[in-house]
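**Student:** what follows is a predicted protein model with its sequence.
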Amino acid sequence: MGASILVAAISSAFGALLIIAITFIGALLSADPFIGESRTLAFVLSFIGLVIAGVAVYVGAIVTANTFATIVAGRTRRIALMRLIGATARSQRREVATQGLVVGVIGAVIGLVAGTAVGAAGTQFAHSALHLADVAFPLVQPLMLLPAVAVALTTWGAAWAGSRPVLNVTPLEALGGSVSASREEVALRRGRHVASVVLLAVGGLLLAAGVALGLLSPLGVVVAFFGGILSFTGLALGSTLVMPPVLGLVGRLFGGSAPARMAAQNALRYPERASRMTIGVVMGVTLVTMFAVATASIKVILTASAGGKLPPELANVLDTFSAIMMGLVGVSAVIAAVGLVNLLTIGIVQRRRELGLLRALGLSSGQIRQMVLLEAAHITIAAALSGLVLGTLYGWVAAQSLLGSVSAHAGGSVGAGLVAPAVPLVPMLVIVGATGVLTLVAAAVPTRLATRVSPVEALAV
């Protein structure tokens, strides 16, 4: 449960830190003679911060739900044994959900304290590094309790949702091991697939409506925000259908050796396990890409609405906001990375019999290590490609729906209209490089565990 506490703590710290950052930026805006008179732009910048906070909690919730679902899959035999001696499925599910609540509360408290401390240090650093004027703002405020409470409740709810498979565990499964759902079993979940298609369709329509409304009012971003949440939720629900083919295509890049073929086939053979690991990284990459594209597109839109040249005062404020928020938005990627490492590690522990059988059939520890490393590479590369595409789309929609009708000149009435998305090269290269680093980091612990599996001990479990 240590990784789940870490995810909750990071989410809570991120929320507290973001509230401090928004308050700090708001004080800077109020003190600026140019921006202080533009309530629309002040609302725009503050709303972006609130959206990022909401998305961070959302990322943490999905990572936590996937983690608990994976943990439940690993406890199949224990849960079945408890059922065999008289325990009900609902009591077992309540036990898992209670663990989620405890994890959420502990992580939320730790994160609140850590976020406040980092926020205090961060504002001092911003003053000195960015040469900002001294502004007065409250560092500690009651609003900071909101993300902590939200994280605790969200972790509880995510644990409850992730523990749903407990209801399907039968006493007879005490005789077997923990096995992830196969491709045939996943295909039978028609209700879930229909729900994902509906959410994707409704989310797509709301995204389009947000862009259209954004040409008339900045409130278009509210519609687009809900469209983004619904569409990505639909993608997460339908990830068992979407991600395995992408993983299969990526698998072809690694040749035809035995470890490479097995790594590629694992994604297709057990789509649920592969999708749980992939979707969290997709969210992290999507969020970072979305913010980078949104920031670049905002500058393009405001430059177009200003007649080709952005006012220096506005450019300075945008650069300051981008520098502060770019550091904060990476926290969601960290949450996703922690989730990937956690799920890969849990997966290796649960696959002791499988790995032991492969060793017994003749695979060396080096080939096992290569297979696990390639599985991590498949996940991160597929997630990076998917996240880059989704992030570019969401980032452009966010900027367009937010500022399509806003003039960069105070008191101006003419907006930029539709503008092509701006894709910043340097952040994209950083994301690709970070993907490679994540592959090595995520695979470090699992590969070490995998090579320690003794065929005799694993098959005796």
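**Tutor:** Structure received. Numbers count the residues shown, from 1 in each chain.

**Student:** show me the shaky parts of the stretch 251-400 of the chain.
**Tutor:** Low-confidence regions of the stretch 251-400 of the chain, defined by pLDDT under 70, span residues 313-314, 317, 321, 324-332, 336, 346, 349-350.

**Student:** show me where it has its helices.
**Tutor:** Per DSSP state H, counting those that start in this stretch, the stretch 251-400 of the chain carries helices over the ranges 258-269, 271-305, 312-350, 352-360, 365-403.

**Student:** quick one: which of those helices is nearest A236?
**Tutor:** With C-beta to C-beta, the closest approach to A236 among the helices of the stretch 251-400 of the chain belongs to helix 271-305: 5.4 Å. Any C-beta I mention is one placed from the backbone N, CA and C, and that applies to glycine too.

**Student:** between helix 365-403 and that closest one, find me the angle.
**Tutor:** 40 degrees (axes from the mean of the first three to the mean of the last three C-alpha atoms, to 10 degrees).

**Student:** off-centre distance for helix 271-305?
**Tutor:** Relative to its parent chain, helix 271-305 has a centroid offset of 10 Å by C-alpha atoms, centre = their mean, to the nearest Å.

**Student:** okay, angle between that helix and helix 258-269 too, please.
**Tutor:** Using the same axes, to 10 degrees: helix 271-305 against helix 258-269 is 80 degrees.

**Student:** against which helices or strands is helix 271-305 packed?
**Tutor:** helix 39-74, helix 183-187, helix 220-237, helix 239-251, helix 258-269, helix 312-350, helix 365-403, helix 425-451 (3 or more C-beta pairs under 8 Å, 6 or more residues apart in numbering; DSSP states H and E).

**Student:** in the helix or strand just after the second one, what counts as buried?
**Tutor:** Scanning forward in sequence from helix 183-187, with DSSP states H and E defining helices and strands, the next element found is helix 190-214. Buried residues in helix 190-214, defined by neighbour count with 16 or more other C-beta atoms under 10 Å: 193, 196, 199-200, 203, 206-207, 209-214.

**Student:** and which of those is nearest to S128?
**Tutor:** G214 (37.0 Å).

**Student:** thought that closest one was touching A398?
**Tutor:** No - with contact defined as C-beta atoms under 8 Å, G214 does not count as touching A398 (9.3 Å).

**Student:** give the residues shared as contacts by those two.
**Tutor:** By C-beta atoms under 8 Å, 6 or more residues apart in numbering, G214 and A398 have these common neighbours: 221, 224.

**Student:** tell me the predicted confidence for L219.
**Tutor:** Among the per-residue scores, L219 holds a pLDDT of 83.

**Student:** which one is it nearest to, not counting chain neighbours?
**Tutor:** L213 (6.8 Å; C-beta to C-beta, 6 or more residues apart in numbering).

**Student:** same question, L318
**Tutor:** K299 (6.3 Å).

**Student:** quick one, what contacts the one you found?
**Tutor:** 310, 315, 318, 422.

**Student:** apply 10 Å and report the result again.
**Tutor:** By C-beta atoms under 10 Å, 6 or more residues apart in numbering, the residues touching K299 are 310, 314-315, 318-319, 322, 399, 403, 408, 422, 424.

**Student:** distance of it relative to L287?
**Tutor:** According to C-beta to C-beta, to the nearest Å, K299 and L287 sit 19 Å apart.
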